[in-house]
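Undergrad: have a look; sequence and predicted model below, questions after that.
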Amino acid sequence: MAVRVQTADFDCSAEIAALRLSNPKIGAVVTFLGTVRDMNDGLAVSEMALEHYPGMTEKALADIVAQAKTRWDIIDALVVHRVGPLMPQEQIVLVAVAAAHRGEAFCACEFIIDYLKMEAPFWKKEQTPEGARWVDARVSDDDALQKWKGNQ
Amino acid sequence: MKIDIRYFAGVRETVGFAHESVDLPGGVATVGAVRDFLVARGGAWAKALDTRRALRMAYAQQMADESTPIAEAGEVAFFPPVTGG
């Protein structure tokens, strides 16, 4: 179980290889990759800056991964989240979950990204033609979390 | 009681800086009371920490609510709803 917060880009293939080759009992790896869109809420986005709360971020991510490990029979998980300035189409976040079988890995991966979006202290600021603006939290993200809370 | 206060994202921009050490008067014993103490300063703090705006709070680098107790040398943080991922 590993979490990393970094400004540098990451290599998905290398990350997945390192995760799955660590244990021969792994039979499934599910990944989620989040990337920067060039449009949000009707405005073009030319750049996005990600701020976080050093220390708390790593704790929050480790706690979310630990919760996933408690709920599903997974073997390993990885979260890599970038901070700092990012351009459209750049990679933001990778969640990778390894398990013996796909079902547990799919559920745990979706759980981790849903919780990350609601509980990990990251904030996005976009550059648009109308100036810079902080991204608003989405109600749909909260709905996604309620799904897991009602399904303990 | 002396504590560290951290501000992030839009809250940090409104306050004008990211960190301060504060000597609290007696009786300020929860995260909510710290917020009320700062709001009472008026100006940028009242604007940034207005309870009618969506505000999240943390204590000791964990999500907290108004009733979370604080202790000497603790770290309280104020920030908007998170938007990572």
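TA: Yep, it's here.
Undergrad: mind listing what's buried along stretch B:37-45?
TA: B:37-39, B:44-45 (16 or more other C-beta atoms under 10 Å in any protein chain shown). Glycine gets a C-beta too; all of them are placed from N, C-alpha and C.
Undergrad: tell me how far it lies from the chain's centre.
TA: 11 Å (C-alpha atoms, centre = their mean, to the nearest Å).
Undergrad: contacts only, for whichever residue of chain A sits closest to chain B.
TA: Distances between chain A and chain B by C-beta to the nearest C-beta are smallest at A:Phe122, namely 2.6 Å. Residues near A:Phe122 by C-beta atoms under 8 Å, 6 or more residues apart in numbering or on different chains: A:50-52, A:57, A:81, A:83, B:82-85.
Undergrad: can you check B:Glu66 too?
TA: Here B:Glu66 is in contact with B:30-32, B:35, B:57 (criterion: C-beta under 8 Å, 6+ apart).
Undergrad: if you rank those by neighbours, which is first?
TA: B:Val31 (23 neighbours; other C-beta atoms under 10 Å in any protein chain shown).
Undergrad: what distance do you get for it to A:Pro24?
TA: Counting by C-beta to C-beta, to the nearest Å, the gap from B:Val31 to A:Pro24 is 47 Å.
Undergrad: next: B:Ala18.
TA: 46 Å.
Undergrad: with neighbour numbers in mind, choose between the two.
TA: Per other C-beta under 10 Å, whichever of B:Ala18 and A:Pro24 has more neighbours is B:Ala18, with 13 against 7.
Undergrad: where is the longest helix in chain B?
TA: helix B:31-39 (DSSP state H).
Undergrad: do it and chain A meet?
TA: No. Helix B:31-39 stays clear of chain A (C-beta under 8 Å from any C-beta of the partner chain), getting no nearer than 13.9 Å.
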